[in-house]
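Trainee: following is a predicted model, sequence given first.
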Amino acid sequence: MRASAAVATALTGDGRTIIRRLASAPPLTLRQTGPRAVHLISTAAGPLGGDRLALDVDVAPYTTLELGSVAGTLVLPGDGASEMLVTARVGAGATLRFAPEPTVLAAGCDHRLLVRLTLEADADVFWREEIVFGRHGESPGRCHARFDATCDGLPLLRQEFTIGDPALDASPAVYGTARCVGTTFLTARTDKPTVSDGVAVLPLAGPGTLVSALAADAVELRSRLEWGEQTALTPAPTSPR
């Protein structure tokens, strides 16, 4: 299956954000849930092996968009590899919050998760991704995740990792006993690196901070990411629970 969805904002004459474009195709279905909010609703199973899905996000200058999902995404095996490509452009002075629910890698899947994010000057971005290694009691399928962010035409963040190689995943240098991995990219910049139990907060060379976390389950992962996000925004956070 090949399917694509798109959302775009525009600025009105009185300075308000409106959703000027909302296009969907199952299993990618978008619904406007607020004046500046859109949620992704799965209207079919997937992605399945062989699927090619694409989401295009265009945030016009000086507008705001909050993009989430109503439930997690279950990646299932099928005929070949599946792919989810998210392409986002955030204009000057615009704000984007991208925080979908976790992606779960079912046993036997082979998935590629690709993000291409382009920022203009003074854009404000919060981008969270969470990946769960299989359903309860099962080993995860394979996943190759790649995140590319560019600001004002210059590389800001290039990151990729793989999941699903038992010989590597269990290494203490990779995931160890963790069952989830998550990252948050923020254009807010922290003053210095911070490391705590299962989470690291690292300032980037350009305008931004990367929060990375490992955890035993999705609840713990979200807690650690939120602690790291707060760390990037405030100078003296409390320790995570």
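Mentor: Yep, it's here.
Trainee: need the CA coordinates for the worst-scoring helix or strand of the chain on mean pLDDT. CSV is fine.
Mentor: With mean pLDDT, DSSP states H and E as the measure, the helix or strand of the chain carrying the lowest mean pLDDT is helix 166-169 (a mean of 84). Coordinates of each C-alpha in helix 166-169 appear next as CSV, following Å, rounded to 0.1, in the frame of the first residue of the first chain:
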residue,chain,number,x,y,z
PRO,A,166,19.8,-9.5,19.1
ALA,A,167,23.6,-9.7,19.1
LEU,A,168,23.8,-5.9,19.2
ASP,A,169,20.6,-4.8,21.0
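Trainee: show me what that helix is packed against.
Mentor: For helix 166-169, there is no helix or strand it packs on, judged by 3 or more Cβ pairs under 8 Å, 6 or more residues apart in numbering; DSSP states H and E. Where C-beta positions appear, they are placed from N, C-alpha and C, glycine not excepted.
Trainee: what are the buried residues along that helix?
Mentor: For helix 166-169, burial by neighbour count (16 or more other Cβ atoms under 10 Å) applies to D169.
Trainee: off-centre distance for whatever helix or strand comes next after that helix?
Mentor: The C-terminal neighbour of helix 166-169 among helices and strands, as given by DSSP states H and E, is strand 180-186. Relative to the chain's own centre, strand 180-186 is displaced by 7 Å; criterion: Cα atoms, centre = their mean, to the nearest Å.
Trainee: pull the CA atoms of strand 180-186 into PDB?
Mentor: In PDB, the C-alpha atoms belonging to strand 180-186 read as follows (Å, rounded to 0.1, in the frame of the first residue of the first chain):
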ATOM      1  CA  CYS A 180      12.100   1.200  24.700                       C
ATOM      2  CA  VAL A 181      14.100   4.000  23.200                       C
ATOM      3  CA  GLY A 182      13.100   7.700  22.700                       C
ATOM      4  CA  THR A 183      14.400  11.000  21.600                       C
ATOM      5  CA  THR A 184      13.200  14.600  21.800                       C
ATOM      6  CA  PHE A 185      14.700  17.400  19.600                       C
ATOM      7  CA  LEU A 186      14.100  20.900  20.900                       C
END
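Trainee: ok, longest helix in this protein?
Mentor: helix 218-233 (DSSP state H).
Trainee: next, the angle from it to strand 180-186.
Mentor: Regarding helix 218-233 and strand 180-186, their directions subtend 20 degrees when assessed with axes from the mean of the first three to the mean of the last three Cα atoms, to 10 degrees.
Trainee: for helix 218-233, name the packing helices and strands.
Mentor: strand 124-132, strand 180-186, strand 194-196, strand 199-203, strand 209-215.
Trainee: packing partners for whichever helix or strand comes after the first one?
Mentor: This points to strand 124-132. On the C-terminal side of strand 124-132, the closest following helix or strand by DSSP H and E is strand 142-151. Contact partners of strand 142-151 among helices and strands, from 3+ Cβ pairs under 8 Å, 6+ apart: strand 103-105, strand 110-119, strand 124-132, strand 154-163, strand 180-186.
Trainee: swap the cut-off to 7 Å and go again
Mentor: Using 3 or more Cβ pairs under 7 Å, 6 or more residues apart in numbering; DSSP states H and E, the elements in contact with strand 142-151 are strand 110-119, strand 154-163.
Trainee: great, nothing more from me.
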